[in-house]
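In: Just the structure for this:
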Amino acid sequence: MRLLILGGTNFVGRATALEALARGHEVTCLARGTKGSPPDGARHVVADRTRPGAYDEVAGERWDAVIDVATQPGQVRSALVALAGSTDRWLHVSTISVYADHSVEGADETAELLEPLAADEMGSMEDYGHAKVACERAVTAALGTERSLLARAGLIGGPGDLSGRTGYWPWRFAHPATDDGSVLVPVDAGCRTALIDVRDLAAWLVHSAEARTTGAFDVIANAAPLAEHLAVAREVAGHSGPVVEVGPEWLEQHEVGQWYGPRSLPLWVGPEDSPGLAGRPTSRALAAGLVPRPLAETLADVLAWEADRDQPHGAGLTDEEERELVAAAREVRGTSESPGGTKAP
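Out: The predicted model follows:
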């Protein structure tokens, strides 16, 4: 196949280009290249999608499939204007954040979506789900459901994840900040998580292009309670020190953030979002060829990727914050303000 990847130099796009090349396909990546280069063997068309004429070099060619990872609706719309007539199929990497309600476990691809963003660009990450809905609408309006695939991915992780959501926990368990090897963890019985390896998403996208798969798919993997995810991360890291458990109220009082970012405990989210983010069925994607690898393999590979860093990419607690919070948690152990106790291995 001749594949055009709009992107191809960073994370999902690059992993998809690598997978397509490994399968023997001809790959062209259209991207600015400011975050890296396409893999060896791929043709790189340098273009800025915010500028007129961005697609001129590739618009006159015929493509078996176009794969787009864009989030800005204006970029998707301009690409479709230029390229919809030049390809048989269009695969858009979307997100489960398009859904209006994340409180219901088991909701599938027919669930209600957010209102689409009217603007061409997001004003902030608060617009993320709305922007992706607008991207989806543009794709299906231009090519119909019979020529398009919407890959509504859950949390995407693996080597190359700069957000730190994949790497923080195996890294922290491998690099405790305290003298006795203690690690602070959130305890929230209602919190679930799910993580699909970027390499498995890429493999499924290329397979779907080959198989001419169409429709909307929730593409998630390794759904489990957060406690199980942390247990796998701890095992991968070989951690044998104490685990200091703290609850949501205590974390809020100590200004520890959810999900990702500085001074956070990554992957921990509140009960209003957890069921729908991690509890959506993957039956349609599995039936269409998705083959997720075990979580332990992803976390081990990410730990190796993060091995030489003093702090994992993008998220979590610094060593100083970790020591401060572990000490604070232990100060209230055994009182009415107990954050959850200290558990030995």
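
In: Just the element for the closest residue to residue 289 other than its chain neighbours, please.
Out: Leaving aside its chain neighbours, residue 289 sits nearest to residue 207 (4.7 Å; criterion: C-beta to C-beta, 6 or more residues apart in numbering). (Glycine included, C-beta is placed from N, CA and C.) When elements are assigned from DSSP states H and E, residue 207 belongs to helix 198-211.

In: Quick check: mean pLDDT of the next helix or strand after that helix?
Out: The helix or strand immediately downstream of helix 198-211 is strand 215-219, counting by DSSP H and E. The average pLDDT for strand 215-219 rounds to 98.

In: relative orientation of strand 215-219 and helix 198-211 in degrees?
Out: Calculated by axes from the mean of the first three to the mean of the last three C-alpha atoms, to 10 degrees, strand 215-219 forms an angle of 160 degrees with helix 198-211.

In: partners of strand 215-219, with directions?
Out: strand 148-153 (parallel) (DSSP bridges).

In: Check what contacts the partner strand and list those residues.
Out: 89-96, 98, 109, 136, 139-140, 196, 201, 204-205, 208, 213-220 (C-beta atoms under 8 Å, 6 or more residues apart in numbering).

In: Mark which of the residues you listed are buried, thanks.
Out: Neighbour-count burial (16 or more other C-beta atoms under 10 Å) applied to the contacts of strand 148-153 gives 89-96, 98, 109, 136, 139-140, 196, 201, 204-205, 208, 213-214, 216-220.

In: Which helix or strand contains residue 233?
Out: Per DSSP H and E, residue 233 falls inside helix 226-237.

In: Report all helices and strands that that helix contacts.
Out: helix 168-174, strand 183-186, strand 192-193, helix 295-306 (3 or more C-beta pairs under 8 Å, 6 or more residues apart in numbering; DSSP states H and E).

In: partners of the third one in the sheet?
Out: So that's strand 192-193. strand 224-225 (antiparallel).

In: Quick check: mean pLDDT of the partner strand?
Out: In the prediction, strand 224-225 has an average pLDDT of 92.

In: just stretch 109-124 next, same as before
Out: 96.

In: how long is it end to end?
Out: Across stretch 109-124, the terminal residues are separated by 25 Å (C-alpha to C-alpha, to the nearest Å).

In: ok now do the nearest residue to residue 282 once chain neighbours are set aside, which residues does it touch?
Out: Take residue 282 and drop its neighbours on the chain: the residue closest to it by C-beta to C-beta, 6+ apart is residue 220, 5.6 Å away. Residues near residue 220 by C-beta under 8 Å, 6+ apart: 96, 153-155, 194, 196, 278, 280, 282, 285.

In: One more: residue 266?
Out: Listed by C-beta under 8 Å, 6+ apart, the contact set of residue 266 reads 164-165, 168-169, 259-260, 315-316.

In: Mind picking the two most distant members of these?
Out: Using C-beta to C-beta, the pair of the contacts of residue 266 lying farthest apart is 169 and 259, separated by 13.1 Å.

In: between the two, who's got more neighbours?
Out: residue 169 (30 against 17; other C-beta atoms under 10 Å).

In: Would you mind confirming that that one makes contact with residue 230?
Out: Yes - look at residue 169 against residue 230 with C-beta atoms under 8 Å: they come within range, at 5.9 Å.

In: Bridged to residue 246, which residues?
Out: On the basis of DSSP bridges, residue 246 is bridged to residue 186.

In: And it, how far from residue 281?
Out: 32 Å (C-beta to C-beta, to the nearest Å).

In: Same drill for those two, tell me which one is more crowded.
Out: More neighbours surround residue 246 than the other of residue 246 and residue 281, with 26 against 15 (other C-beta under 10 Å).

In: Do I have it right that that one meets residue 328?
Out: No - if you go by C-beta under 8 Å, residue 246 and residue 328 don't touch, sitting 9.0 Å apart.
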